[in-house]
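Asker: Would you be able to build a 3D model of this:
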Amino acid sequence: MLLLGIETSCDDTATAVVRDGVRVLSNVSTNQDEFHAKYGGIVPEIASRRHAALLSAAVDDALTRAGMALGDVDGIAVTAGPGLIGSLVVGVATAKALAFATGLRLYAVNHLHGHLFAAFLECHEPPAYPFLALLVSGGHSQLVEVRSPTALRVIGKTRDDAAGEAYDKTARLLGLPFPGGPALEALAREGDPKAIAFPRHRPDPGTLDMSFSGLKTSVRYFLESAAGKSARPEDVAASFQAAVVDVLIDRVTRALDADRDRTPDETGYRAVVLSGGVAANTALQTAFRAVGASRNIATFVPERRFCTDNAAMIAAAAERRGEANRVDPRTLVANPNLPFA
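Answerer: Numbering: from 1, shown residues only. Prediction:
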């Protein structure tokens, strides 16, 4: 199946053409960093206006790069939520108009499902079901059990800040430019991850939930202290990043340990997948691959271009979930709080 993907859940205007949910024929993405940098974060109104200005050209660009016209694709896949309502409306309205005018099939995709299936893109041997996925981004951090394309279950999630959000807020405390996450990671490469003993959230018994709010607050209090005023920013960044990675890897390890206790009629995880914007972080990737290697389980991390928000992953999710995501263009509406399952 040949699908045109459209993704506008936040501030990246993204389009793509994907064949069979695997082969990426084109992948176009335009970020808005220069428009939001002076505000230190994403301004929803600016984001939606930029999408409206760019999306039509982005659709044409994706089709041109793939060497085809709109009539050559089999359907259109669009992010319906969650995300910023204004941004979502632009993408959904565009997809509905195209589908209604052409009669092409329309698929409404949950943005988080897109991240889960990003690992299938340009992958000759994709993850085998069932697999465990660690999805970490600016807005979400959760562990997901994926038993089939349509059988998804969240088994652990953040109780407050997402990991990516903690990165951005800590970067702001360190005076780093927007976007904060990549800037903090770059600074951390020059620091000592053991310099400062920032706290690691311990889960309550019987839960795999995470928390990063306390860690972020600890960084703020440390920077306000006498020791913090003389500390190297590189060491603060590296120590913060080490704490985030430790918490995330701890939950993956606990989930894999619990998987050993399944009853004989249940199938254990055959792979582990790292996805979401924070999956582009090198330190997290290294630790994640080490877990897979130590347990002899297949480990998958999407290419960096498929970790951050992109439209190819939306097309991949639509292809895998098929009729479960097909909708009537006359009734589809954007939903900023679209539930995961």
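Asker: Show me where the protein dips below the pLDDT cut-off.
Answerer: For the chain, applying pLDDT under 70 flags the ranges 260-267.
Asker: now the helices for it?
Answerer: 33-36, 44-66, 85-102, 111-117, 163-173, 180-188, 213-224, 226-230, 233-259, 282-295, 304-307, 312-321 (DSSP state H).
Asker: Any chance of these in CSV with mean neighbour count as columns?
Answerer: In this view, the C-beta of every residue, glycine as well, is placed from N, C-alpha and C. Converted to CSV, those look like this (neighbours: other CB atoms under 10 Å):
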stretch, mean neighbour count
helix 33-36, 13
helix 44-66, 18
helix 85-102, 20
helix 111-117, 27
helix 163-173, 24
helix 180-188, 21
helix 213-224, 16
helix 226-230, 9
helix 233-259, 20
helix 282-295, 16
helix 304-307, 20
helix 312-321, 30
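Asker: could you dump those helices to JSON lines with distance to Y129?
Answerer: Listed next are the helices of the chain as JSON lines, based on distance: least, CB to CB, whole Å:
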{"stretch": "helix 33-36", "distance to Y129": "37"}
{"stretch": "helix 44-66", "distance to Y129": "29"}
{"stretch": "helix 85-102", "distance to Y129": "28"}
{"stretch": "helix 111-117", "distance to Y129": "12"}
{"stretch": "helix 163-173", "distance to Y129": "25"}
{"stretch": "helix 180-188", "distance to Y129": "30"}
{"stretch": "helix 213-224", "distance to Y129": "33"}
{"stretch": "helix 226-230", "distance to Y129": "47"}
{"stretch": "helix 233-259", "distance to Y129": "14"}
{"stretch": "helix 282-295", "distance to Y129": "16"}
{"stretch": "helix 304-307", "distance to Y129": "20"}
{"stretch": "helix 312-321", "distance to Y129": "10"}
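Asker: which stretch among these comes nearest S141?
Answerer: Nearest to S141, of all those, is helix 163-173, at 4.6 Å by CB to CB.
Asker: From the contact counts, what lies against the closest one?
Answerer: Packing contacts for helix 163-173, counted by 3 or more CB pairs under 8 Å, 6 or more residues apart in numbering; DSSP states H and E, involve helix 180-188, helix 213-224, helix 233-259.
Asker: I would like the residues contacting the second one, please.
Answerer: The reference is to helix 213-224. Contacts to helix 213-224, defined as CB atoms under 8 Å, 6 or more residues apart in numbering, come from residues 159-161, 166, 169-170, 173-174, 196, 198-201, 228-229, 231, 236, 240, 243-244, 247.
Asker: redo that, cut-off 7 Å
Answerer: For helix 213-224, contacts defined as CB atoms under 7 Å, 6 or more residues apart in numbering pick out 160-161, 166, 169-170, 173, 196, 198-199, 201, 228, 236, 240, 243-244.
Asker: quick one: which two of those are the most distant?
Answerer: Spatial extent of those (CB to CB) is set by the pair D160 and G228 at 22.4 Å.
Asker: Now the helices and strands packed on helix 163-173 in CSV, please, with extra columns for distance to G67.
Answerer: CSV is the format used below for the helices and strands packed on helix 163-173 (distance: least, CB to CB, whole Å):
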stretch, distance to G67
helix 180-188, 32
helix 213-224, 47
helix 233-259, 40
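Asker: out of those, which comes closest to V17?
Answerer: Minimum separation from V17 across the helices and strands packed on helix 163-173 (CB to CB) falls at helix 180-188, 27.2 Å.
Asker: re the thing from before, out of the helices of the chain, which is closest to N337?
Answerer: Ranking these by distance to N337, with CB to CB as the measure, places helix 85-102 first at 9.2 Å.
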